[in-house]
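1. Sharing a model that was predicted from the sequence below.
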Amino acid sequence: MTEKEKCAQGLLYNANYDQELINERITAKDLCQEYNNLKNSDSEGRTALLKKILGKTDGNIWIEPAFWCDYGYNIEVGENFYSNHNLVILDCAKVTFGSNVFIGPNCSFYTASHPIDVRQRNQGLESAHPIEIGDNVWFGGNVVVLPGITIGNNTVIGAGSVVTKDIPDNVVAVGNPCRVIKTITENNQV
């Protein structure tokens, strides 16, 4: 089994010495650097390059530079996606964003996880676990989403949160660790 196949199955794998994975990361980071160096006024060029970097995009996608990812092909975004500056997506596993997702500045989505066992960690082993974001989700600035997390539809994640557990639909969640503080109803959508 290749290191890439182990990664796709959520098993421990070594990305540090596997030439296929190294080459794929170099390609993605070169494309991200090219994207980050485009003029802000070049909206056509930016859109075209994002469609080249990302695995799947629906219409109307905008990411303010700087944007960095590991592979790109593991990222899927729905319709009407916006991210403010300094988005980082470590997409060793699939990262799926629904439609109408808005991301504040300095947000990070990490699928990579490293072993607690020091011997395994020092060997460069890691695992990857997918992240799934529903529709109509808003992330405040400086949010970190950890491996294996699912965030439901119509949810708001408050600024500075570290999401360590799944978050359901229709809630406001904040903090470190992130926790639900309010259910969103028709009566309190202000």
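-> In hand now; what should we look at? Numbers count the residues shown, from 1 in each chain.

2. Could you give the number of residues near the closest residue to residue 146 other than its chain neighbours?
-> Closest residue to residue 146 apart from its sequence neighbours, by CB to CB, 6 or more residues apart in numbering: residue 164 at 5.4 Å. All C-beta spots, glycine's among them, are computed from the backbone N, C-alpha and C. By the measure other CB atoms under 10 Å, the count of residues near residue 164 is 17.

3. Can you tell me how far residue 164 is from residue 154?
-> Residue 164 sits 21 Å away from residue 154, taking CB to CB, to the nearest Å as the criterion.

4. Kindly report the same for residue 79.
-> For residue 79, the distance to residue 154 equals 15 Å [CB to CB].

5. Also residue 130?
-> From residue 130 to residue 154 the distance is 21 Å (CB to CB).

6. and what of residue 21?
-> Taking CB to CB, one finds residue 21 at 36 Å from residue 154.

7. between those two, who's got more neighbours?
-> More crowded of residue 21 and residue 154, by other CB under 10 Å: residue 21, with 20 against 16.

8. Where does that one fall, secondary structure wise?
-> Residue 21 is part of helix 19-37, with elements assigned from DSSP states H and E.

9. Tell me the first helix or strand C-terminal of that helix.
-> Assigned by DSSP H and E, the successor of helix 19-37 is helix 43-53.

10. could you give the angle of that following helix to helix 19-37?
-> 170 degrees (axes from the mean of the first three to the mean of the last three CA atoms, to 10 degrees).

11. in helix 43-53, what's buried?
-> 46-47, 49-50, 53 (16 or more other CB atoms under 10 Å).

12. And for stretch 85-99?
-> Buried residues in stretch 85-99, counting neighbours by 16+ other CB under 10 Å, are found at 86-99.

13. Closest one of the residues you listed to residue 4?
-> Among the buried residues of stretch 85-99, residue 92 lies closest to residue 4 (CB to CB), at 9.7 Å.

14. And the closest one, how far from residue 48?
-> When distance is defined by CB to CB, residue 92 is 25 Å away from residue 48.

15. Please apply the same query to residue 184.
-> Look at residue 184 and residue 48: by CB to CB, they are 36 Å apart.

16. likewise residue 60?
-> Here residue 60 is placed at a distance of 14 Å from residue 48 (CB to CB).

17. so what sits against both of these two?
-> Counting by CB atoms under 8 Å, 6 or more residues apart in numbering, residue 60 and residue 48 have no shared contacts at all.
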